[in-house]
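Novice: Quick one, fold the following:
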Amino acid sequence: MCVEPAPPPSSRLTRRGVIAGAAALAGTSALLATATPDAAAARRDLSSGGDLVVDGGALLDPATGDVIEDAVVVIKGGVVRAAGSRQQVATHVPADAPVLQAHGRWILPGLVDAHIHLNTAAEARDAVLRGATTARSGSTNFYQDIAVRELARQMPQQAPRLRAAGIFVTPDLGDTILADPDLAPLARLRDGVRSAEALRRVVEVNLARGVDTVKTRVNERAGLPEQDPLVQVYTHEQLSTIVAAARRGGKGVLCHSYSEKGCHDAVRAGIRSLEHGVFVGEHTLHEMRRRGTYFTPTLTAIAGLVDSSDPILAERGRTYLPVLKRAVLAAHNLGVQLAAGTDSSGGKVQPIGREVELMRAAGLSALDAIRTATTGAAKLLGLEGTVGRLRPGFTGDMVVLDGDPLADVTVLKKPACVVRAGLALR
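Specialist: As a prediction, the model looks like this:
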């Protein structure tokens, strides 16, 4: 059964209907509405960011690997105006700006979590405090990520700068159909979202709601014991339909994947990034390098399966993690671009520094592991000109660390302080 002819999705619902409901579910509308008049005025003043001088500390540029001792970073209106040695920056330091002392510490750009599920304002705040000042959504059930993205724009200290994916393009939408009246015709499909018309419809509805990227899958899930992550749910042709529909809206596609055949079909279909990809093989990695396809392995999520109380999931974790580490190192050695993502979901946010730690454990150098959560992930998100470095014109996001991450990347898991758009959070 195909979708019956229906009018194009209505973009008018984006703010006044569907997304308003998503904001209520995410708790973002309540957070914005509870501000006092004075706090609301302050929020408007800080929506573009704050002013801050970070004084002292060793400044690491992930792009070059250069380290500047006793550095100073000047942020104005949430944007870096100067960064370098004390002598270089001295004439740019305003007399009245707040100062964050970083002597004896290390200064890095804010980290990027390229695969995370943020369903609530509380989760968004937790992600920032754990170092992820920028993120890409791995989808939400009811467009909550679009609401979180708006929260980040109005109150940057409350949420990472976010690339939203909206709802998952998957055969069984489940209760997600209730999220949007323009999805209602899909409820009558006996076989789920599989026909070309149905696949295009879900993508088009996402685009009408204002997503930044589209999320789909090629395999079943590893985190559900009743599913087999090596079973393929979409063919190359179906994936190509999804990619083509997303491209018509100017968006790329991230694809949940596990099996080698599924990975290869997804890459050939033209996806922007391969997610998880435990059993991706050398043949597909070569194709990824040729096409410029990114690899977001989400090692944190796979490692987390090891501690599951379910024996099937625990065994998957023990089996999959070493395979995925080998795939990550093979990808890196072949020149495939890697991006760090925790795949945090279900209310528990993992520090993006944990993913960097696992990248290092897979065999990457400390600097290359850091790049997966800075310059590499920023490029995947199309933010390489504003995120991932602390240079003039870049966003004033940073993590201040108690130790040298080039000697021990685990210090990234517990930042001493996080700065979001020039606003020091702790």
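
Novice: And the helix or strand hosting Ala266, what does it pack against?
Specialist: For Ala266, the element it lies in under DSSP states H and E is helix 260-269. Judged by 3 or more Cβ pairs under 8 Å, 6 or more residues apart in numbering; DSSP states H and E, the packing partners of helix 260-269 are helix 236-248, strand 253-257, strand 273-276, helix 282-291. C-betas here are computed from N, CA, C, even on glycine.

Novice: Okay, now the sheet partners of the third one, with direction.
Specialist: Paired strands of strand 273-276, with direction, are strand 253-257 (parallel), strand 294-296 (parallel) (DSSP bridges).

Novice: mind exporting the first one as PDB, just the C-alpha atoms?
Specialist: Extracted as PDB, the C-alpha positions of strand 253-257 are listed here (Å, rounded to 0.1, in the frame of the first residue of the first chain):
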ATOM      1  CA  VAL A 253      21.800  12.000   5.800                       C
ATOM      2  CA  LEU A 254      23.300  10.100   8.700                       C
ATOM      3  CA  CYS A 255      22.700   6.400   8.700                       C
ATOM      4  CA  HIS A 256      22.400   3.900  11.600                       C
ATOM      5  CA  SER A 257      24.300   0.800  10.400                       C
END
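
Novice: what angle separates that strand from helix 282-291?
Specialist: 170 degrees (axes from the mean of the first three to the mean of the last three Cα atoms, to 10 degrees).

Novice: Show me what strand 253-257 is in contact with.
Specialist: Strand 253-257 is touched from outside by 115, 136, 138, 165, 213-219, 221, 239, 242-243, 246, 263, 266, 270-277, 280, 296, with contacts defined as Cβ atoms under 8 Å, 6 or more residues apart in numbering.

Novice: and if you look at the shortest one?
Specialist: Defining contact as Cβ under 8 Å, 6+ apart, one finds that strand 294-296 is touched by 114-115, 254, 272-277, 280, 285, 288, 327-328, 331, 336-341, 376, 380.

Novice: sorry, back to before: looking at the helices and strands packed on helix 260-269, which is nearest to Leu60?
Specialist: Proximity to Leu60, assessed across the helices and strands packed on helix 260-269 by Cβ to Cβ, is greatest for strand 273-276 (25.2 Å).

Novice: Dump the C-alpha coordinates for that closest one into PDB.
Specialist: Backbone C-alpha positions of strand 273-276 (Å, rounded to 0.1, in the frame of the first residue of the first chain) are rendered in PDB as follows:
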ATOM      1  CA  SER A 273      28.000   9.900   7.600                       C
ATOM      2  CA  LEU A 274      28.000   6.300   8.700                       C
ATOM      3  CA  GLU A 275      26.800   5.800  12.300                       C
ATOM      4  CA  HIS A 276      28.000   2.900  14.500                       C
END
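
Novice: Quick one, which of the contacts of strand 253-257 are buried?
Specialist: In these, burial by neighbour count holds for 115, 136, 138, 165, 213-219, 221, 239, 242-243, 246, 263, 266, 270-277, 280, 296, counting by 16 or more other Cβ atoms under 10 Å.

Novice: Let me see the domain layout of this structure.
Specialist: Domain assignment for the chain by automatic domain parsing gives 47-110+390-426, 111-387.

Novice: among the ones you listed, which is the most enclosed?
Specialist: Each of those was given a mean neighbour count from mean count of other Cβ atoms under 10 Å, and the largest, a mean of 22, is that of domain 111-387.

Novice: distance between that domain and the chain's centre?
Specialist: Offset of domain 111-387 from its chain centre (Cα atoms, centre = their mean, to the nearest Å): 8 Å.

Novice: what is the rounded mean pLDDT of the longest helix anywhere in the chain?
Specialist: Scanning the chain for the longest helix, with DSSP state H as the assignment, gives helix 311-334. Across helix 311-334, pLDDT averages out at 98.

Novice: now swap in stretch 349-361 and tell me
Specialist: For stretch 349-361, the per-residue pLDDT averages 98.

Novice: and what of stretch 85-93?
Specialist: 91.

Novice: List of residues touching it?
Specialist: If you take Cβ under 8 Å, 6+ apart as the criterion, stretch 85-93 is touched by Val53, Ile68, Glu69, Asp70, Ala71, Val72, Val73, Val74, Arg81, Ala82, Ala83.

Novice: try 7 Å
Specialist: For stretch 85-93, the surrounding residues in contact (Cβ atoms under 7 Å, 6 or more residues apart in numbering) are Val53, Ile68, Asp70, Ala71, Val72, Val74, Arg81, Ala82, Ala83.

Novice: which two in the residues you listed are spaced the farthest apart?
Specialist: Using Cβ to Cβ, the contacts of stretch 85-93 span at most 18.5 Å, a distance reached by Asp70 and Arg81.

Novice: hang on, the earlier thing: distance to Ala24 added to the domains of the chain, as CSV?
Specialist: Output for the domains of the chain, formatted as CSV (distance: least, Cβ to Cβ, whole Å):
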stretch, distance to Ala24
domain 47-110+390-426, 21
domain 111-387, 8
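
Novice: and of the ones you listed, who's closest to Ser29?
Specialist: Of all the domains of the chain, it is domain 111-387 that lies closest to Ser29, at 7.3 Å by Cβ to Cβ.

Novice: end to end, how far does the closest one reach?
Specialist: 9 Å (Cα to Cα, to the nearest Å).

Novice: same thing with stretch 340-353?
Specialist: End-to-end distance (Cα to Cα), stretch 340-353: 9 Å.

Novice: now stretch 262-277
Specialist: In stretch 262-277, first residue to last residue: 9 Å (Cα to Cα).

Novice: Other residues contacting that stretch?
Specialist: Around stretch 262-277, the neighbours that count as contacts under Cβ under 7 Å, 6+ apart are 115, 218-219, 232, 235-236, 239-240, 243, 252-258, 280, 283-284, 287-288, 291, 293-298, 327, 339, 380.

Novice: ok so, going back, which secondary structure elements does the very next helix or strand once past the longest helix of the chain contact?
Specialist: With elements assigned by DSSP H and E, the helix or strand that comes after helix 311-334 is helix 352-361. Using 3 or more Cβ pairs under 7 Å, 6 or more residues apart in numbering; DSSP states H and E as the contact test, the elements touching helix 352-361 are helix 299-305, helix 366-371.

Novice: try 10 Å this time
Specialist: With contacts defined as 3 or more Cβ pairs under 10 Å, 6 or more residues apart in numbering; DSSP states H and E, the packing partners of helix 352-361 are strand 111-116, strand 132-137, helix 299-305, helix 311-334, helix 366-371, helix 375-380, strand 398-401.
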